[in-house]
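Participant: Predicted model and sequence below, questions to follow.
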Amino acid sequence: MAKTFLIVNGVLYIALAAWCTLLPMKTSAAIGFGLPNNSAKSEYLVVYGGLELAMGAFFLLCAFKANMLEAGLWFALLTYGCLMVYRWSTIFALKDLSSFIYTMVAVETAMTVVSAWLLWRHTSTS
């Protein structure tokens with residue numbers, strides 16, 4: 001189950017990286033970002049393309065190298081946990097947020113819980 005979780009995360013992050021790289025104006029607008037100049041576009045492509053591609057590759061590496069499965073689960077827990085904490089803090093601190101933000105906090109909270117459960121299950125049976 002942990003391997004499948006990491007594979008799904010890897011594929012999703014690689015797909016997100018491709019989507020953001022191929023359609024940066026559309027994807028950035030969907031999350032409320034403007035890309036007013038090439039410096040902004042470069043930063044968006046690097047973070048939403050390059051970093052997400054690296055995350056996807058790392059999830060897949062961890063899924064297919066048995067000795068890295070636990071590292072992948074820790075990475076998932078820390079990534080989703082930190083995203084969740086920051087997302088919840090923006091919900092409490094900021095007003096007039098889009099429905100996208102509420103969808104993402106639900107997804108990130110769920111992924112944090114799943115990551116924690118899979119990590120607990122993996123380490124308790126090792």
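Facilitator: Sure, I can see it.

Participant: neighbours of the closest residue to residue 100 other than its chain neighbours, just the number please.
Facilitator: Counting by Cβ to Cβ, 6 or more residues apart in numbering, residue 100 lies nearest to residue 31, which is 6.6 Å off, once chain neighbours are set aside. Every residue, glycine included, has its C-beta placed from N, CA and C. Residue 31 has 13 neighbours, counted by other Cβ atoms under 10 Å.

Participant: Now residue 31: phi and psi?
Facilitator: Backbone torsions for residue 31, taken as degrees, to the nearest 10, come to phi -100, psi 10.

Participant: Look up how far residue 106 lies from it.
Facilitator: Using Cβ to Cβ, to the nearest Å, one gets 16 Å for the distance from residue 31 to residue 106.

Participant: Which parts of the protein are helices?
Facilitator: 2-22, 24-30, 38-44, 52-64, 69-93, 99-125 (DSSP state H).

Participant: Throw those helices into JSON lines and include mean neighbour count and mean pLDDT, thanks.
Facilitator: Listed next are those as JSON lines, based on neighbours: other Cβ atoms under 10 Å; pLDDT from 0 to 100:
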{"stretch": "helix 2-22", "mean neighbour count": "17", "mean pLDDT": "97"}
{"stretch": "helix 24-30", "mean neighbour count": "15", "mean pLDDT": "92"}
{"stretch": "helix 38-44", "mean neighbour count": "13", "mean pLDDT": "96"}
{"stretch": "helix 52-64", "mean neighbour count": "18", "mean pLDDT": "98"}
{"stretch": "helix 69-93", "mean neighbour count": "16", "mean pLDDT": "97"}
{"stretch": "helix 99-125", "mean neighbour count": "15", "mean pLDDT": "95"}
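
Participant: before we move on, the earlier item: can you tell me how far the residue nearest to residue 100 is from residue 61?
Facilitator: 27 Å.

Participant: Also residue 24?
Facilitator: With Cβ to Cβ as the criterion, residue 24 and residue 61 are 26 Å apart.
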